[in-house]
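1. The following comprises the amino acid sequence and a computationally predicted model.
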Amino acid sequence: MKHLFFFFLAVFTLNCCISNRTIERKGGVLATVFNEQDTVKKQLVANELVDSLVRVNQVPFKDQDSVTFLYNGAANSVSWHGDFNRWGSDTTINTQGSQIQNTTLWYKTLYLPRNARLDYKVVVNGKDWILDPLNTAVRYSGFGPNSELKMPEWQEDELFNTDNSSFKGSVINDTLTSIHLGY
């Protein structure tokens, strides 16, 4: 009964404080998962944490210049690659996640510019590059879809704002031929 009380207290605290974007509160919630001794309840607390963050579109969890990536699923390893580590080629930035013992919850905290907008993917078991299943924000690039991270102070560039007074263009399907270029 005592453990059940603490589980519901953790869920209540999580739901009340989730909009309060402080590392202390997030750390407190993660600490609740870390400190749960009962392995079945530990996974339940981890699942509720993830579900609560997803409900309020807070995955990845951002606070000022820090971001905590989360992945909840069975895996041998989880890492995050994207613009922030040159898609894995910058090995000076450790993006390898840590698994909370006796759960399927993986996490990694990075410190990034407060006004950054970055693309990324989750790398599961070192080979499966996937969109972040907990983040609905997706941006399409020259290499297909990526998960999108907008830090707290990011703002859309004025150049991308739609000007409703300008004329709209259209796409024409046509074929050009050139005797000089050989097609």
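-> All right, it came through fine. In this text the structure is predicted, and so the values were computed from the model without any measurement.
2. Let's verify N135: helix, strand, or coil?
-> coil (DSSP: H, G, I helix; E, B strand; the rest coil).
3. pLDDT at it, what is it?
-> What the model reports as pLDDT for N135 is 98.
4. Could you do the one 4 residues further on as well?
-> Per-residue confidence for R139 comes out at a pLDDT of 96.
5. ok, and the closest non-adjacent residue to it?
-> With CB to CB, 6 or more residues apart in numbering as the criterion, R139 has its nearest non-adjacent residue at 4.2 Å, and that residue is E148. (Each C-beta comes from the backbone N, C-alpha and C, glycine too.)
6. List the residues that contact that neighbour.
-> R117, L118, D119, Y120, N135, A137, V138, R139 (CB atoms under 8 Å, 6 or more residues apart in numbering).
7. Could you give the bridge partners of the last one?
-> Bridge pairing for R139 (DSSP bridges) gives the partners N146.
8. Next one: it relative to D83, how far apart?
-> 10 Å (CB to CB, to the nearest Å).
9. Return every residue with contacts to both of those two.
-> D119.
10. Work out for me the element I179 sits within.
-> Assessed by DSSP states H and E, I179 sits outside every helix and strand.
11. Tally up the residues packed near it, please.
-> 6 (other CB atoms under 10 Å).
12. Could you do L149 as well?
-> When neighbours are counted by other CB under 10 Å, L149 registers 26.
13. Next one: it from Q101, what distance?
-> L149 is 27 Å from Q101, by CB to CB.
14. what's the answer for L176, then?
-> 62 Å.
15. Pick out whichever of these two has more residues nearby.
-> Q101 (10 against 6).
16. what secondary structure does that one sit in?
-> Strictly by three-state DSSP, Q101 counts as coil.
17. got it, and N47?
-> Put simply, N47 is helix when judged by three-state DSSP.
18. Which residues are in contact with it?
-> N72.
19. where along the protein do the helices fall?
-> When assigned using DSSP state H, the helices of the chain occupy the ranges 2-17, 23-35, 39-55.
20. Can you tell me the number of residues neighbouring L44?
-> L44 has 17 nearby residues by other CB under 10 Å.
21. let me fix that: S77
-> Residues within reach of S77, counting by other CB under 10 Å, total 13.
22. What about K41, how many residues nearby?
-> K41 has 17 nearby residues by other CB under 10 Å.
23. How much space separates it from Y107?
-> K41 sits 19 Å away from Y107, going by CB to CB.
24. if I look at T32, how far off is K127?
-> Noted for T32: a distance of 32 Å to K127, by CB to CB.
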